[in-house]
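# Starting from these lines, generate the structure:
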Amino acid sequence: MIPKLIKLTESHPHFVLPPGIHKATFEEIRERFAVTTYRMRLFEGFCLACQSLVAAGCQRIYLDGSFTTSKNHPGDFDACWDPEGVDFSKVDSTLRDFSNRRAAQKQKFGGEFFIIDFNSLTGLTMLDFFQSDKETGERKGILLLE
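I've put the predicted structure just below:
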């Protein structure tokens, strides 16, 4: 179940997921966050990429980004996935393309996908990086689809 969004600080511009990794289903995500035509397009792109990952054997996908906040018009979504048991030859080639700041991923899916243990520019793994709010540095939540 997706918990109620919270304000990290009074000055924070949007409500976010409370700290932690929260299990969710595609249906729960659709109902909570795909509430406008634009957000529905982002959700559909996320689902399309997830279909490729699941077909390749992926068991865990994490969802983050402004899509999972109260922001009226999120820029995109950010996701990362666990490579354990994944046949990389079956993963959509676009999800393996990190060139040009992941432009092909953004164009095809509306967001970006990383492997959970990639190091971000901060030195954190992507899974840890996603749990840190970029505005405040405070811990925040992300969603897990299994």
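# Give the buried residues for the helix or strand of the chain with the lowest mean pLDDT.
Evaluated with mean pLDDT, DSSP states H and E, the helix-and-strand set of the chain has its lowest mean pLDDT in helix 126-129, which scores a mean of 93. Residues of helix 126-129 classed as buried under the neighbour-count rule (16 or more other Cβ atoms under 10 Å) are M126, L127, F129. Where C-beta positions appear, they are placed from N, C-alpha and C, glycine not excepted.
# Ignoring the adjacent residues along the chain, who's closest to the last one?
The one in question is F129. Leaving out its chain neighbours, the residue that sits closest to F129 by Cβ to Cβ, 6 or more residues apart in numbering is S120, at 4.0 Å.
# circling back to that earlier point, from the contact counts, what lies against the next helix or strand after the least confident helix or strand of the chain?
On the C-terminal side of helix 126-129, the closest following helix or strand by DSSP states H and E is strand 141-145. Helices and strands touching strand 141-145, as assessed by 3 or more Cβ pairs under 8 Å, 6 or more residues apart in numbering; DSSP states H and E, comprise strand 20-23, helix 26-33, strand 61-64.
# among the ones you listed, which is nearest T136?
Shortest separation from T136 across those is recorded for strand 61-64, at 15.0 Å, computed as Cβ to Cβ.
# Give me the helices and strands touching that closest one, please.
Using 3+ Cβ pairs under 8 Å, 6+ apart as the contact criterion, the neighbours of strand 61-64 among helices and strands are helix 37-55, strand 77-81, strand 141-145.
# what stretches of this protein score poorly on pLDDT?
Per-residue confidence of the chain (counting by pLDDT under 70) places no residue in a weak region.
# rewinding a little: let's have the helices and strands packed on strand 141-145 in TSV, adding mean neighbour count and distance to G75.
Formatted as TSV, the entries for those read as follows, by neighbours: other Cβ atoms under 10 Å; distance: least, Cβ to Cβ, whole Å:
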stretch	mean neighbour count	distance to G75
strand 20-23	14	21
helix 26-33	16	14
strand 61-64	23	12
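# Nothing else from me, thank you.
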